[in-house]
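Student: Sequence below, structure please.
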Amino acid sequence: MARSGVQYEDVKQAIDALMAKGEAPSVQKIREVLGTGSFTTISDHLREWRARREERAVATPAQGMPEPIQQLAEGLWEKAQDAAGEALADYREAADREITAARDAVQDARRQAEDAEQREAALSAHLASIEQRLEARSAALATAEAERDQALDKARRLGERLARSLQQLERLQAESELQLQAHQQALGEREAQHQARQQQEEQRHEAAEARLMSLLDEARQERLSGEKRYVTNLRQLESRQEALKQELQEMRAALAREEKQHRETQWARARAEERADTMRHAQSLLQARIDDQKRHLEEQASRLRLLESEISRRLWQGEEPYQVEEQAVPKTQEGPTAAGPSNESVDRSEGESR
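Tutor: This is a model prediction of the structure:
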């Protein structure tokens, strides 16, 4: 059923304009003249115009044509019209199905392209977030390395302090040995006379020795404690550095996967656009097939009119009607094979375009 947007009178005026220019009316040309309307609506009006024109042609037969010849021509015309109508209906139904499928495929391709664009935007945002996190991790790694350098510097200072303590201890031990030698020499010389002083000197020596031993133990304990703290801090820094390196590698791997997924999304989008272009090309090929079939039907109608005139001419020349019928039938059977491209050639061209 035709839509109310384009009326029969509009199509008739467009057909008159085309015929005034000497052009045969077709759905595409009528739509170009009107500038609007669907192919189905214009096709319905064009078929109605042709039916009316044929009715007018049948209603005004040639004067003086015998009744048998007129009946024979009318029968042939009805058979040809029925065959042409059935063929056109089949082609039109198949073309409508293919056009609908092509439009659905184009819409699916457009939806896939929109989904790909949205996914690309989300991936871009996620990639920016990953880059920000990577920068933060890099800054944390730099801070950890700075802390490690500070700990190493502190351990170095502790080592220097321990070395100075050991030097001081060795100096005190040397002084103590010198004092002990001097004390023993004084004791040897003054043993009898300075017994009381010897006891005092021995007490002082024991006190000094105890003090030296205490200082030595404190220095050793401080050195061991410093070494333990240095080793502990160094291990903690190394463990933290390894963890940061592992996390950095994981972030880089995740970034590589995101980039790969981004490239795959772009490839899918390009494939969807190619399928959409293929569908549009197939739609144009289907429209060309419809136009070819319509031109074929117009050629058959023209041959039937020539047949009528030939029958009238031969009748007036004295030929028998059955001879005219035998000569006319092969011509009408050869029409469909000669006009327009075959379905097999059109299908083959569509396959090659795909």
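Student: hey, let's count contacts and neighbours off CA atoms from now on
Tutor: Fine.
Student: Can you name the helix or strand that Ala136 falls in?
Tutor: helix 67-189 (DSSP states H and E).
Student: What's the first helix or strand after that helix?
Tutor: Criterion used, DSSP H and E; the element after helix 67-189 is helix 195-317.
Student: now that next one and helix 67-189, what's the angle there?
Tutor: Angle of helix 195-317 versus helix 67-189, following axes from the mean of the first three to the mean of the last three C-alpha atoms, to 10 degrees, is 170 degrees.
Student: Show me what helix 195-317 is packed against.
Tutor: helix 67-189, helix 321-338, helix 343-353 (3 or more C-alpha pairs under 8 Å, 6 or more residues apart in numbering; DSSP states H and E).
Student: could you redo the last one with a cut-off of 7 Å?
Tutor: On a contact count with 3 or more C-alpha pairs under 7 Å, 6 or more residues apart in numbering; DSSP states H and E, helix 195-317 meets helix 67-189, helix 321-338.
Student: for the record, mean pLDDT for the first one?
Tutor: Which is helix 67-189. On average, the pLDDT along helix 67-189 is 79.
Student: Which strands or helices does it pack on?
Tutor: Identification of packing neighbours for helix 67-189 by 3+ C-alpha pairs under 7 Å, 6+ apart yields helix 195-317.
Student: what do you get if the cut-off is 10 Å, keeping everything else the same?
Tutor: When contacts are defined as 3 or more C-alpha pairs under 10 Å, 6 or more residues apart in numbering; DSSP states H and E, helix 67-189 packs onto helix 39-59, helix 195-317, helix 321-338.
Student: would JSON lines of the ones you listed with mean pLDDT and mean neighbour count be doable?
Tutor: Compiled in JSON lines, the helices and strands packed on helix 67-189 are given as follows (pLDDT from 0 to 100; neighbours: other C-alpha atoms under 10 Å):
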{"stretch": "helix 39-59", "mean pLDDT": "85", "mean neighbour count": "15"}
{"stretch": "helix 195-317", "mean pLDDT": "83", "mean neighbour count": "16"}
{"stretch": "helix 321-338", "mean pLDDT": "44", "mean neighbour count": "13"}
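Student: Compile those helices into a markdown table and extend it with columns for distance to Gly159.
Tutor: Putting the helices and strands packed on helix 67-189 into a markdown table (distance: least, C-alpha to C-alpha, whole Å) gives the following:
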| stretch | distance to Gly159 |
| --- | --- |
| helix 39-59 | 95 |
| helix 195-317 | 8 |
| helix 321-338 | 107 |
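Student: host element of Thr36?
Tutor: For Thr36, there is no helix or strand it lies in under DSSP H and E.
Student: roughly how far apart are Asp291 and Ala94?
Tutor: For Asp291, the distance to Ala94 (C-alpha to C-alpha, to the nearest Å) stands at 14 Å.
Student: With Trp49 instead?
Tutor: Distance of Trp49 to Ala94, computed by C-alpha to C-alpha: 23 Å.
Student: now Glu310
Tutor: With C-alpha to C-alpha as the criterion, Glu310 and Ala94 are 36 Å apart.
Student: what do you get for Asp104?
Tutor: Going from Asp104 to Ala94 by C-alpha to C-alpha gives 15 Å.
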